[in-house]
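Trainee: Show me the folded form of this:
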Amino acid sequence: MSRPALPDLRRMQQILQREQRALNAADMPALMKLAPRKAALLERLESADPAGPALARAVRQLRDQARRNARLFEAALRGLTDAQALVRRLSVDADDQTYHRDGRRQKVNPPGRSFERRA
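Mentor: You can find the predicted model right below:
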């Protein structure tokens with residue numbers, strides 16, 4: 001195992017900060033751009049040996065930051081799943097009705113009528 005280079009730790013911290021901002025902004029394109037860089041850097045860091053208290057502390061901080069981002073990812077996925085379920089429920093159970101001027105109920109978006117032509 002090699003020792004993690006401090007520049008690699010700094011780069012990972014910057015990536016995790018950008019990732020957090022992208023998650024908070026729901027910026028999926030930015031997340032997609034960061035993913036390969038993060039994976040490559042993570043592979044280098046995982047093969048390193050955090051010798052010394054300063055490096056060990058930096059690695060712990062990165063781990064904590066990565067865990068926070070993981071919780072943000074999970075929350076974003078739950079939000080997307082909830083939104084999909086809501087859209088599905090609204091499209092199936094849609095009771096798009098309102099009241100007409102004379103007090104009768106009427107559909108807001110009635111189903112499309114077919115146009116018949118008679119010869």
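
Trainee: where along the chain do the strands fall?
Mentor: Counting by DSSP state E, the chain has strands at residues 97-99, 105-107.

Trainee: Partner strands of the last one, with direction?
Mentor: Here strand 105-107 is paired, per DSSP bridges, with strand 97-99 (antiparallel).

Trainee: ok now the partner strand, how far from the chain's centre?
Mentor: From the chain centre to the centre of strand 97-99 is a distance of 37 Å (Cα atoms, centre = their mean, to the nearest Å).

Trainee: Read off the pLDDT value for the spatially closest residue to residue 9 that is not a sequence neighbour.
Mentor: Nearest residue to residue 9, sequence neighbours excluded (Cβ to Cβ, 6 or more residues apart in numbering): residue 58, at 4.9 Å. In short, each C-beta sits where N, CA and C put it, glycine included. Listed pLDDT for residue 58 reads 81.

Trainee: Please work out which residues outside the helix or strand of the chain with the lowest mean pLDDT touch it.
Mentor: Every helix and strand of the chain was ranked by mean pLDDT, DSSP states H and E. The lowest is strand 97-99, at a mean of 75. With contact meaning Cβ atoms under 8 Å, 6 or more residues apart in numbering, strand 97-99 is reached by 105-108.

Trainee: Ignoring the adjacent residues along the chain, who's closest to residue 106?
Mentor: Excluding the flanking residues, the one nearest residue 106 by Cβ to Cβ, 6+ apart is residue 100, at 4.9 Å.

Trainee: give me every residue that touches residue 6.
Mentor: Applying Cβ under 8 Å, 6+ apart, we find residue 6 in contact with 55, 58.

Trainee: so how far is residue 55 from it?
Mentor: 7 Å (Cβ to Cβ, to the nearest Å).

Trainee: Can you check the pLDDT for the closest residue to residue 5 other than its chain neighbours?
Mentor: Nearest residue to residue 5, sequence neighbours excluded (Cβ to Cβ, 6+ apart): residue 48, at 7.8 Å. At residue 48 the predicted local confidence, pLDDT, stands at 74.

Trainee: partners of residue 48 in the sheet?
Mentor: residue 2.
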